[in-house]
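Asks: No sequence on hand, only this structure:
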């Protein structure tokens, strides 16, 4: 089981910023960050921060899928959220392994990772904080929106890492990147493609349904409709 | 023995409502109460008020019916707890006597937290404000003597020294110099998080108490003193709340609040000498365990994470303890009396340029004199001596010794 929320107990470290203080005992020192990927042409400290950011997004993805699988009323969506959640959890493990293989610390939470975590939590919160002012069908769509947006960034992360790896000379670093990318990128393609298609399908279904079906429906009727949506 | 709150079910929230008789508790006897029982009551009232205010703020961010109802439910029972805890204060304890209790909390809670704080930056934040609350106790003690001929040591029982700290008149700083850096939520020691949450709640309650009780007096000196010190407490709330990492989600903060309340009620139980009040701490501990379960369930279902990932595996071994901190306070006094703030940094007052906003703000608010100084002047004029309770010898700072002793 990978770590989804790094804490002091799991060895979390971070880097001080203008308004962020980190206990010296848990600080990622600049010299350590700079020495990451030493001997390559890459900006080690930037890549350390980037990989921490990618890891934060994968961790948030697991939380998002767990939450949606718990709350969706549609069995097809639930099953898919569980499946993608499991795959995303394996991505967390893969990114942690990649960081370790490159000599880094997967417990390091970079400033970029913090910003991503905030954005991702906002996305997750958008699926439940405002449910009182949207109908059940729209709630399902909001959940899919969150998946689409999360997967869009996820996909972009891995596409970018892939291009980065292509520019690296043959060697251990490139092999480590390629190993991770080879496992994750095809699944990210599938996740994003599914989210785009399913969102479009749900919108189309609703666009073609009669207004009376939606506006007058009681909650239990709506749930029944949602349950049978993709039968 | 290690105590993991997540393994305890406590009392289910739906079983936590009490009737009016149960809420209308018999107060303690102000003349015989252990001073540290009084401070425990004051602290836990502040903790409950914070939990209620936090819950209201959270509820305003959502229209999720299930979530709003769960918050309303927990908040109502927190409000019941607050009535019981605050109801322990007796009606014959005047607001000024209660104030002396508040400042005893501020001194001995802050000093204890600082002594046990593992993070050097957070320890510095506690030490800094400690000297200011320490001075407030001295000012209010003199006000108590001046207005009523009362002796503050009747309240504090010599457990806390009463003597000048960083003089209140010098504590007024520009708001920009009250904002601190925050800890990093992943890397922070869980004990540090609870220390900060506890002191924020304590200072907020003190601020609110002075905000509301400042007009209980006819005497301008009392009204002025409460206004002046209430504004320092506002500074302290700004100072301490800025230590909290804003990265944490609303639900995570809900879980952290409940966990901290569990820790504090468990702590209060450990040293409570009054058996009846100890039973209240124990009951409330079991209530908080039930409330924690609800918050954790929402975290699991809505945020897709197990609260055990965020929380320490067990409560800290050491309970938050009210006890004398005289040597520690004297040491901080000797070392840090001249500290001020410049932006997010602590600096010696001598290093500030003469046109620094600190001096500009000082000149502005102290232009007509400060009530906190006027108390001492009036007390000296009346009795030729100020009120002090220095049990450990003369003041460590020569300039702060009584004039006749300098």
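Replies: Yep, that arrived. Quick caveat, the model's predicted, so the values are computed rather than measured.

Asks: Tell me the confidence at the nearest residue in space to residue B:277 that is not next to it in sequence?
Replies: With Cβ to Cβ, 6 or more residues apart in numbering or on different chains as the measure, residue B:37 is the residue that lies nearest to residue B:277, at 6.0 Å, once sequence neighbours are left out. From N, CA and C alone the C-beta is placed, and that goes for glycine too. Residue B:37 is assigned 98 on the pLDDT scale.

Asks: Toward the C-terminus, what is the element adjacent to the helix or strand harbouring residue B:37?
Replies: For residue B:37, the element it lies in under DSSP states H and E is helix B:35-59. As assigned by DSSP H and E, the chain's next helix or strand after helix B:35-59 is helix B:65-86.

Asks: Other residues contacting that following helix?
Replies: If you take Cβ atoms under 8 Å, 6 or more residues apart in numbering or on different chains as the criterion, helix B:65-86 is touched by A:128-129, A:131-132, B:13-14, B:16-18, B:22-25, B:41, B:44-45, B:48-49, B:51-52, B:55-56, B:58-59, B:62, B:254, B:258, B:280, B:284, B:287, B:291, B:294-295, B:298, B:302.

Asks: filter those residues to the buried ones?
Replies: Among those, the ones that count as buried by 16 or more other Cβ atoms under 10 Å in any protein chain shown are A:128-129, A:131, B:13, B:16, B:18, B:25, B:41, B:44-45, B:48-49, B:51-52, B:55, B:58-59, B:62, B:254, B:258, B:280, B:284, B:287, B:291, B:294-295, B:298, B:302.

Asks: hmm, back to that, and the helix holding residue B:37 with helix B:65-86, angle?
Replies: If you take axes from the mean of the first three to the mean of the last three Cα atoms, to 10 degrees, helix B:35-59 sits at 160 degrees to helix B:65-86.

Asks: and helix B:35-59, how far out from the chain's middle?
Replies: Centroid displacement of helix B:35-59 relative to its chain, using Cα atoms, centre = their mean, to the nearest Å, is 9 Å.

Asks: separation between residue B:172 and residue B:369?
Replies: Residue B:172 is 13 Å from residue B:369, where distance means Cβ to Cβ, to the nearest Å.

Asks: who has more neighbours, these two?
Replies: A count of neighbours by other Cβ atoms under 10 Å in any protein chain shown puts residue B:172 above the other of residue B:172 and residue B:369, at 18 against 11.

Asks: That one should be in a strand, yeah?
Replies: No: the assignment for residue B:172 is coil, going by DSSP: H, G, I helix; E, B strand; the rest coil, so no strand is present there.

Asks: In space, what's closest to it - neighbours in sequence excluded?
Replies: That would be residue B:365: by Cβ to Cβ, 6+ apart, it lies 5.0 Å from residue B:172.

Asks: With residue B:310 instead?
Replies: Using Cβ to Cβ, 6+ apart, the nearest residue to residue B:310 is residue A:5, at 5.5 Å.

Asks: returning to that earlier point: for the helix holding residue B:37, packing partners?
Replies: helix B:65-86, helix B:95-116, helix B:153-156, helix B:190-213, helix B:250-271, helix B:275-303 (3 or more Cβ pairs under 8 Å, 6 or more residues apart in numbering or on different chains; DSSP states H and E).

Asks: Could you point out which of those helices sits nearest residue B:404?
Replies: Nearest to residue B:404, of all the helices and strands packed on helix B:35-59, is helix B:153-156, at 20.6 Å by Cβ to Cβ.

Asks: ok, residue B:120 to chain A distance?
Replies: 7 Å (Cβ to the nearest Cβ, to the nearest Å).

Asks: how many other residues sit next to that residue?
Replies: Counted with other Cβ under 10 Å, residue B:120 comes out at 12.

Asks: next one: residue A:32
Replies: The burial count for residue A:32: 18, using other Cβ under 10 Å.

Asks: Kindly report the same for residue B:8.
Replies: What residue B:8 shows, counting by other Cβ under 10 Å, is a neighbour count of 15.

Asks: try the one 3 residues further on
Replies: The number of residues packed around residue B:11, counting by other Cβ under 10 Å, is 18.

Asks: I'd say it and residue B:285 touch.
Replies: No: counting by Cβ atoms under 8 Å, residue B:11 stays clear of residue B:285, with 9.6 Å between them.

Asks: Check which helices and strands the longest helix anywhere in chain A sits against.
Replies: Criterion DSSP state H: the longest helix present in chain A is helix A:172-208. Packing contacts for helix A:172-208, counted by 3+ Cβ pairs under 8 Å, 6+ apart, involve helix A:75-101, helix A:136-166.

Asks: nearest to chain B, of those?
Replies: For the helices and strands packed on helix A:172-208, proximity to chain B was assessed by Cβ to the nearest Cβ; helix A:75-101 is nearest, at 8.0 Å.

Asks: average model confidence for the helix or strand following the closest one?
Replies: Counting by DSSP H and E, the next helix or strand C-terminal to helix A:75-101 is strand A:108-109. Per-region confidence: strand A:108-109 scores 98 on mean pLDDT.

Asks: ok, now stretch B:214-222?
Replies: Computed over stretch B:214-222, the average pLDDT equals 95.

Asks: Identify all contacting residues around it.
Replies: By Cβ under 8 Å, 6+ apart, stretch B:214-222 touches B:95-96, B:143, B:146-147, B:223, B:226-227, B:230, B:371, B:374-375, B:378.

Asks: Can you tell me the closest non-neighbouring residue to residue B:250?
Replies: residue B:58 (5.1 Å).

Asks: is it true that the one you found touches residue B:252?
Replies: No: Residue B:58 lies out of contact with residue B:252 (Cβ under 8 Å); the separation is 11.0 Å.

Asks: Relative to chain A, how far out is residue B:93?
Replies: Residue B:93 is 40 Å from chain A, by Cβ to the nearest Cβ.
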